[in-house]
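1. Quick one: sequence plus predicted model below, questions after.
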Amino acid sequence: MARYGKKASQKVKRAMRERKRGTLKSGRSGKKVRSRKQAIAIGLSQARREGGKVPRRRSSSRKSKKK
């Protein structure tokens, strides 16, 4: 079973293209996104907002427990 839906792949694809062109900007600060990982995260969050099939985010507590 696929983890991500069609909408998720479309949004990530669009975000990656914008990043390559240099027009993708992050949320509040509005700075240009240079990181590939950040571009993917932006695409997935947009798909999540629009009701696409995207797994839940990992909780921050999980990160802090790892040493």
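-> Perfect, thanks for sending it.
2. residue ranges with poor pLDDT in the chain?
-> 61-67 (pLDDT under 70).
3. Give me the three-state assignment for the residue nearest to the spatial centre of it.
-> The centroid of the chain falls nearest to Ala41 when counting by CA atoms, centre = their mean (1.9 Å). With DSSP: H, G, I helix; E, B strand; the rest coil as the basis, the three-state label of Ala41 is helix.
4. Now the strand or helix carrying Ala15: buried residues?
-> For Ala15, the enclosing helix or strand under DSSP states H and E is helix 6-21. Buried residues in helix 6-21, counting neighbours by 16 or more other CB atoms under 10 Å, are found at Lys7, Ala8, Lys11, Val12, Arg14, Ala15, Met16, Glu18, Arg19. From N, CA and C alone the C-beta is placed, and that goes for glycine too.
5. What of stretch 37-50?
-> By 16+ other CB under 10 Å, the buried positions in stretch 37-50 come out as Ala39, Ile40, Ala41, Ile42, Gly43, Leu44, Gln46, Ala47, Arg48.
6. Backbone dihedrals for the last one, please?
-> With angles defined as degrees, to the nearest 10, Arg48 sits at phi -60, psi -40.
7. list the contacts for it?
-> Listed by CB atoms under 8 Å, 6 or more residues apart in numbering, the contact set of Arg48 reads Ala8, Val54.
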